[in-house]
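Student: Provide a 3D model corresponding to the input given below.
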Amino acid sequence: MLDTLLFLLERLFLLAHINVSLPRLVHVEREPVACARRDNVSCSRFSRGDLLEVPRTLFTHFGIYMGDGRVAHLIPDALPLVTADPRHVQRMVTNTRLLLGVLSKSASVRVDSVEDFAYGAHILLNRGDAQCAPLRGEESALRAERLLGPVSYSLLWNNCEHFVTHCRYGHARSLQTEQFCSWLKSVVRDPRTLLASLLLAVLVLVVSGSSCSTVTPALLLPFTLWMAS
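Tutor: Numbering: from 1, shown residues only. Next up is the predicted model:
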């Protein structure tokens with residue numbers, strides 16, 4: 001039962017968690033940084049061990065700058081489950097591979113070019129180290145290098161932000177997960193959520209009829225919400 005609930009929560013996280021405007025580890029001003037593009041110009045403003053982030057539509061992706069225009073990042077990828085051929089695995093992860101990786105809870109820590117990491121978006125340099133003391137840049141990069149290879153993946157408990165905060169600050173943390181859990185707590189404790197679940201239960205009983213096989217499932221969600229609120 002617990003595994004099922006965690007599975008549903010993770011899928012809800014993927015669909016509902018929009019955090020382009022969410023704060024990062026600390027509230028500081030961040031600026032877009034010009035990075036490598038087709039002309040292969042190196043990112044002169046990046047230093048080895050820097051924490052980089054790329055805003056996506058539904059989430060923010062993170063990586064550790066390794067130097068020489070390369071970024072280490074944890075990314076969902078199902079391909080390593082079916083082949084170990086580096087010629088295929090090292091190709092840029094497509095959206096299909098990424099989605100299948102999320103569903104199969106499979107990922108890898110890999111090194112890609114800055115351009116592939118950005119995937120057409122602007123890269124932001126996270127300089128918010130005042131409230132969370134970072135490790136030395138070289139130590140951060142070495143931590144990332146030691147984790148290269150296949151890893152298990154979880155949207156809530158082991159994502160790309162956990163990886164970079166482990167490398168940069170010495171302890172894994174995901175503010176995206178914390179924000180989502182805080183939002184979910186507010187939803188569960190909202191009386192309107194309980195009322196909506198009760199109305200849904202009544203509707204199910206009216207349509208399906210009252211019997212042991214329908215009453216228990218229909219009342220399970222309102223009862224769970226009541227106990228959790």
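Student: I'd like the average pLDDT over stretch 207-217.
Tutor: The average pLDDT for stretch 207-217 rounds to 74.
Student: swap that for stretch 115-125, sorry
Tutor: On average, stretch 115-125 scores 86.
Student: next one: it to chain centre, how far?
Tutor: Distance of stretch 115-125 from the chain centroid (Cα atoms, centre = their mean, to the nearest Å) equals 16 Å.
Student: With stretch 160-178 instead?
Tutor: Here stretch 160-178 shows a centroid-to-chain-centroid distance of 10 Å under the convention Cα atoms, centre = their mean.
Student: Likewise for stretch 185-205?
Tutor: Averaged C-alpha coordinates place stretch 185-205 at 28 Å from its chain's average position (Cα atoms, centre = their mean).
Student: What residues sit buried inside it?
Tutor: Along stretch 185-205, these residues count as buried under the neighbour rule (16 or more other Cβ atoms under 10 Å): Thr193, Leu194, Ser197, Leu198, Ala201, Val204. To be clear about C-beta, it is placed using only N, CA and C from the backbone, and glycine gets the same treatment.
Student: ok, now stretch 214-229?
Tutor: Ala218, Leu219, Leu221, Pro222, Leu225.
Student: In this structure the third one contacts Ser197, no?
Tutor: Same thing as Leu221. Yes - using Cβ atoms under 8 Å, Leu221 is in contact with Ser197, at 4.9 Å.
Student: mind listing the strands for this protein?
Tutor: For the chain, the strands defined by DSSP state E cover 32-33, 51-55, 60-67, 70-76, 106-113, 123-125, 149-152.
Student: helices or strands next to the second one in the packing?
Tutor: Identification of packing neighbours for strand 51-55 by 3 or more Cβ pairs under 8 Å, 6 or more residues apart in numbering; DSSP states H and E yields strand 60-67, helix 114-118, strand 123-125, helix 160-169.
Student: Adding distance to Gln131 and mean neighbour count as columns, could you present the ones you listed in a markdown table?
Tutor: Compiled in a markdown table, the helices and strands packed on strand 51-55 are given as follows (distance: least, Cβ to Cβ, whole Å; neighbours: other Cβ atoms under 10 Å):
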| stretch | distance to Gln131 | mean neighbour count |
| --- | --- | --- |
| strand 60-67 | 17 | 24 |
| helix 114-118 | 26 | 21 |
| strand 123-125 | 17 | 20 |
| helix 160-169 | 10 | 23 |
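Student: if we can go back for a sec, select, out of the strands of the chain, the one closest to Gln90.
Tutor: Gln90 lies closest to strand 106-113 among the strands of the chain, at 7.4 Å (Cβ to Cβ).
Student: Point out where this protein drops to low pLDDT.
Tutor: 1-42, 127-130, 213, 229 (pLDDT under 70).
Student: redo that, cut-off 50
Tutor: 1-2, 4-9, 12-34, 36-42 (pLDDT under 50).
Student: Determine which of the helices and strands packed on strand 51-55 approaches Val151 most closely.
Tutor: Nearest to Val151, of all those, is helix 160-169, at 8.2 Å by Cβ to Cβ.
Student: Which among the helices and strands packed on strand 51-55 is found nearest to Ser106?
Tutor: helix 160-169 (13.8 Å).
Student: Mind giving me the packing neighbours of the closest one?
Tutor: Counting contacts by 3+ Cβ pairs under 8 Å, 6+ apart, helix 160-169 packs against strand 51-55, strand 60-67, strand 70-76, helix 137-146, helix 175-189.
Student: closest one to Asp116 among the ones you listed?
Tutor: strand 70-76 (8.2 Å).
Student: quick one: the closest one to helix 137-146, angle?
Tutor: 40 degrees (axes from the mean of the first three to the mean of the last three Cα atoms, to 10 degrees).
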